[in-house]
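**Student:** here's a sequence, model it:
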Amino acid sequence: MIVRTVCLSVGAMIAGHACAADGRPEKPNVLLVLADDLGWQDVKCYDIDEPSPYETPHIDGLAKEGVMFWQGYSPAPVCAPARCAILSGIHPARAQKTNVRGGTPPAPRHLAASRVMDPWQTARLSMDETTIAQVLQDNGYATGHSGKWHMNMTPKSEPLPRDVGFDWSRESMGVAREMKPNRVKGFSSDAADDPWKLDANGYPKNEIFEDAVVFMEEHRDQPFFLFCAARLVHAPIQTRSKALLEKYCKKLGLPFPQTPGPIALPGQQNPYYCAMVEEFDKYVGDLLSYLDTTDDPRWPGHKLRENTYIVFTSDNGGMEQLRGDVITDNYPLDGGKIRLEEGGTRVPLIIAGPNIPANTQTDVMANGLDFFPTILSMTGTAAPENQHFDGCDLYPLLTQSPQDPALVKQQDGRVRESMMWHFPHGVAMYSTLRVGDFKLV
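**Tutor:** Numbers count the residues shown, from 1 in each chain. Sure, this is the predicted structure:
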């Protein structure tokens, strides 16, 4: 692993207790919430065509408290490279991590139908790359991860979260573990021994988000960075709440399913997926509620939310179809997960926190690659020497003028005017380049 050199001021070396003139601790908390396969229009506040049945009041509320990006992007159209890129700030093409799996010699997808093989790629987040967690850890932050990881070849292989800067980590499937015996008979109950026990409002217990609250509670007396990586709304397409499934069947005018077979209705008419989106929104709401109601020990008289930056996004665009299920519809964007057209890479992105204006929308392009340099600016953390960033610092944009694209500058000082993606896999094996309002596929 490379040696990391971080330059810190004397004030920054005082473990999170230096304060601004108004008493606000100078090291704010950072909560990064990453959805799994959540499409651009799966959040209600992004719904621009036929009204979707999805209900996301907590995420919609977050959008009213910060900056909502209409042109937010993921670094990749699938999850593993996007996650690696977000934590390292390194483009998937540069990292040679462009698809979900890797680390094995190239082989043809199909001996007769495929004329070209996928190139070699690594199977994991490189141990030579410095992560957001490592740099914040060096600056006195408690660093935590809950939920999905998926940045290594096998669940037990390097790097695990603790190998790349996380002091605290709990990986779990949460409610995404496949229902047994199937998705119309494996519903949760309110029994005390049910691992997905329903709460008073009929939502199943989700360990990923409960773990996230445990981390914040255990570390609220120091600045913290929490990477909460959900497994919703990734397949299997299911809900453990029978009441939620009944609710959306009624809302869509559909009979309650008697068999676990696929739902092939066009558009956004899958009641299982509707329930999953609402569940996910509820769990996000639990995190926000904790921050809203919990005293900040470092800032007496104030709540944690007042000194916490929240970054909410998805690892890639929505998965439109899988094994006969029509899951969702990214229209008017073309395509979905596993494709480089807009539906596979454009994602919801909301950023809120201190000094960021509320109820603000912007058309300025942003990317998950931008999170690393942006979080460094949010926290007053110096970048390691010779650190390369493929993304841009969004903090000037967020705090000065969210509609001004000239405030988004690359590491060399030039205004960013383009973005590119590289996905040499599958049938298409292609790259895309966006410049202004045009996209070359």
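**Student:** ok, which stretches of the stretch 101-250 of the chain are strands?
**Tutor:** In chain order, the stretch 101-250 of the chain shows strands spanning 142-147, 168-170, 224-229, with DSSP state E, counting those that start in this stretch as the criterion.
**Student:** can you lay out those as TSV showing distance to Lys180 and mean neighbour count?
**Tutor:** Every C-beta, even on glycine, is put in place using the N, C-alpha and C of the backbone. TSV is the format used below for the strands of the stretch 101-250 of the chain (distance: least, CB to CB, whole Å; neighbours: other CB atoms under 10 Å):
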stretch	distance to Lys180	mean neighbour count
strand 142-147	21	26
strand 168-170	23	18
strand 224-229	24	26
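**Student:** ok now the biggest helix by length in the chain, how far from the chain's centre?
**Tutor:** For the chain, the helix with the greatest residue count under DSSP state H is helix 271-293. Mean C-alpha position of helix 271-293 versus that of the full chain (CA atoms, centre = their mean, to the nearest Å) differs by 14 Å.
**Student:** confirm that Thr45 sits in a helix.
**Tutor:** Wrong residue type there; residue 45 is Cys, not Thr. Yes - with DSSP: H, G, I helix; E, B strand; the rest coil as the criterion, Cys45 is located in a helix.
**Student:** now do it against His302, distance only.
**Tutor:** When distances are taken as CB to CB, to the nearest Å, Cys45 and His302 turn out to be 27 Å apart.
**Student:** low-confidence stretches in the protein?
**Tutor:** Filtered on pLDDT under 70, the chain yields the residue ranges 1-21.
**Student:** let's see it at 50
**Tutor:** Applying pLDDT under 50 to the chain flags the ranges 1-17.
**Student:** all helices for it, in order.
**Tutor:** In the chain, the helices defined using DSSP H lie at 57-64, 79-88, 92-95, 132-138, 207-219, 242-252, 271-293, 342-345, 371-379, 395-400.
**Student:** returning to that earlier point: by contact count, what packs against the longest helix of the chain?
**Tutor:** Contacts defined by 3 or more CB pairs under 8 Å, 6 or more residues apart in numbering; DSSP states H and E place helix 271-293 against strand 29-35, helix 57-64, helix 207-219, helix 242-252, strand 308-314.
**Student:** in JSON lines, list those along with mean neighbour count and distance to Arg83.
**Tutor:** Converted to JSON lines, these look like this (neighbours: other CB atoms under 10 Å; distance: least, CB to CB, whole Å):
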{"stretch": "strand 29-35", "mean neighbour count": "25", "distance to Arg83": "7"}
{"stretch": "helix 57-64", "mean neighbour count": "19", "distance to Arg83": "20"}
{"stretch": "helix 207-219", "mean neighbour count": "19", "distance to Arg83": "15"}
{"stretch": "helix 242-252", "mean neighbour count": "17", "distance to Arg83": "28"}
{"stretch": "strand 308-314", "mean neighbour count": "24", "distance to Arg83": "11"}
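**Student:** among those, which is nearest Ile375?
**Tutor:** Shortest distance between Ile375 and the helices and strands packed on helix 271-293, using CB to CB, is found for strand 29-35: 5.6 Å.
**Student:** thought Gly186 was touching Met179?
**Tutor:** Yes - counting by CB atoms under 8 Å, a contact exists between Gly186 and Met179, whose distance comes to 3.2 Å.
**Student:** list the contacts of Lys197.
**Tutor:** 188-191, 204-205 (CB atoms under 8 Å, 6 or more residues apart in numbering).
**Student:** drop anything exposed from those.
**Tutor:** Buried by 16 or more other CB atoms under 10 Å: 188, 204-205, out of the contacts of Lys197.
**Student:** picking up where we left off before, and the longest helix of the chain with helix 57-64, angle?
**Tutor:** Orientation check (axes from the mean of the first three to the mean of the last three CA atoms, to 10 degrees): helix 271-293 against helix 57-64 gives 60 degrees.
**Student:** tell me which residues in helix 271-293 are buried?
**Tutor:** Buried residues in helix 271-293, counting neighbours by 16+ other CB under 10 Å, are found at 271-288, 290-291.
**Student:** what's the neighbour count on the residue lying closest to Asp60 once chain neighbours are set aside?
**Tutor:** Closest residue to Asp60 apart from its sequence neighbours, by CB to CB, 6 or more residues apart in numbering: Cys45 at 4.4 Å. When neighbours are defined as other CB atoms under 10 Å, Cys45 has 18 of them.
**Student:** let me see the contact set for Cys45.
**Tutor:** Neighbours of Cys45 in contact, by CB under 8 Å, 6+ apart: 56, 59-60, 63, 68.
**Student:** now the residues you listed in TSV, with distance to Gln134?
**Tutor:** Converted to TSV, the contacts of Cys45 look like this (distance: CB to CB, whole Å):
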residue	distance to Gln134
Thr56	33
Ile59	29
Asp60	34
Ala63	31
Met68	30
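**Student:** let me know the closest of those residues to Lys251.
**Tutor:** Nearest to Lys251 among these, counting by CB to CB, is Thr56 at 14.3 Å.
**Student:** separation between the closest residue to that closest one other than its chain neighbours and Tyr309?
**Tutor:** Counting by CB to CB, 6+ apart, the nearest residue to Thr56 once its immediate chain neighbours are dropped is Asp281, at 4.1 Å. Distance of Asp281 to Tyr309, computed by CB to CB: 20 Å.
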